[in-house]
Structures are given as C-alpha cells and as structure tokens.
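> Please work out how this folds:
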Amino acid sequence: MRKLIKFNEHGHLLISITNLGLTGSEEIERLEAGGYKIGGEADSILLDKTPLGYETKHCLEKYTETQIVLIPNKEIPPIETHHSIVNRCIEEYASSFNYRIPPAGIVPYLCVKDLFEELSSLDISDILIFHEPISANNLYPRRLSVSRQYGDFCFNDQRPVYVGTIPAYNDLQLRYRGATAFLAPD
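As a prediction, the model looks like this:
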C-alpha cells in the first residue's frame, strides 16, 4: 500500500489531491460506483445548484493540485460553551497555522480506502470538512463529513466509507477519533 499521508512541520496530516473538476452528480456516480455510501442529506448537498450551493460555490477547479491538512480533533483545545464560539475557536486554531477554509469539493477526494486504512492506524475514524455551511432542500446549514461510521454504528475497519453530514452549528461535531480538514497555506 502506498502512503497517502505525509506530516507537515506542525505534525498535522497532509494529503495531496488532484481535482477532476466533476459536478456533484458526477461525484455521486463515481463514489457509488466505488462502493462508497452517501447519506440522503449529503446527496442533497452535493446536488445543490443554488447560488451558495455545492455546484456553484464548492466544486474544485479541474486538474489542479490541492493540499489538505487534517488536524486531529484531540489536538484542538476543548471548548465547553455555545456552538458559535466552538466554530469560531476551531477556525481560529486552524488560522493560527495559516490554514484556510476548504470548499466542500474536497470531500469526494477523501473517500479513498487506502487513506482510511492509514487513518485507522493513527486512530482517526472520521473527517469533518470545515467548509462554509450549505443549506440544501430547506435543511439547516450542514457540513459534509467522511467516516467509517454508518448511522449509529461505531467505528469498524470493515464498514464502507460513508459520506454524511453534520449540523454546521453543532458543538458535538468534534468527535475524539476524528480530524478536521482545512486547506494548507499557499
């Protein structure tokens, strides 16, 4: 198995992807053909064509290289307060390393079996993508996540990788066995 993860000078996980420039519906087709599971709300977000939606604002430019940084959630200082403060603290912590808010378009590129095998060895089971929240089909604003969890089942290396959503303003979004994704500095 080739190594997909490197570490940067801060000890954070660094993943390099090449964007295919696919639409949300093309990404869904590609993921489903690869055996990945997509939750209904994630499906709605990936298909959202509104002015602030996935296809309008979050798709990646075709054939460009993108550097994604994963910060293990156990490293982010614990915050026991209102959810809007939690989100601001996560963002401030990431910006202290000059990390940037990613587009939701990085999500399909994190659905790689070999990547999750490497993450499992680092005790990471799910990834929250800290993109601008998307409200599709009258849903409350949500962020996409990639996980080896499905529904209420706990982490299991044999489960398929699952693309789901997490309420954007939910202070429970930082799971201990997870990581939060940002873009590396230019």
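
> got a list of what the nearest residue to Thr23 once chain neighbours are set aside touches?
The shortest distance from Thr23 to any non-neighbouring residue, by C-beta to C-beta, 6 or more residues apart in numbering, is to Glu55 (5.7 Å). Yep, even glycine has a C-beta here, placed from its N, CA and C like the rest. With contacts defined as C-beta atoms under 8 Å, 6 or more residues apart in numbering, Glu55 is in contact with Thr23, Gly24, Leu47, Asp48, Lys49.

> would you say Glu55 is within a helix?
Yes. Counting by DSSP: H, G, I helix; E, B strand; the rest coil, Glu55 is found in a helix.

> And it, how close does it get to Asp123?
Plainly put, Glu55 is 35 Å away from Asp123 if you go by C-beta to C-beta, to the nearest Å.

> Check what pLDDT the nearest residue to Thr64 once chain neighbours are set aside gets.
Once flanking residues are discounted, Thr64 sits nearest to Asn19: 5.1 Å by C-beta to C-beta, 6+ apart. Listed pLDDT for Asn19 reads 88.

> which strand in this protein runs the most residues?
Ranked by residue count, the top strand of the chain under DSSP state E comes out as strand 65-72.

> Can you tell me the strand partners of that one and which way each runs?
If you go by DSSP bridges, strand 65-72 pairs up with strand 13-18 (antiparallel), strand 178-183 (antiparallel).

> which of those is buried the deepest?
The highest mean neighbour count among those, using mean count of other C-beta atoms under 10 Å, belongs to strand 178-183: a mean of 25.

> Distance from it to the middle of the chain?
Its chain's C-alpha centre and that of strand 178-183 lie 6 Å apart, by C-alpha atoms, centre = their mean, to the nearest Å.

> any residues touching it, and which ones?
13, 66-73, 76, 90, 94, 99-102, 106, 110, 119, 124-130, 147, 174.

> With stretch 31-48 instead?
Counting by C-beta under 8 Å, 6+ apart, 24-25, 27-28, 53-56, 104, 108, 111, 134, 136-137, 139, 142, 144, 150, 160-165 sit against stretch 31-48.

> Generate a ChimeraX selection restricted to the buried subset of those.
Here is the ChimeraX command that selects the buried residues among the contacts of stretch 31-48 (16 or more other C-beta atoms under 10 Å):
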select :24,27,28,53,54,55,104,108,111,134,136,139,142,144,150,161,162,163,164,165
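
> so what's Ala136 up against?
Glu41, Ser44, Ile45, Leu47, Asp48, Thr50, Gly53, Tyr54, Arg142.
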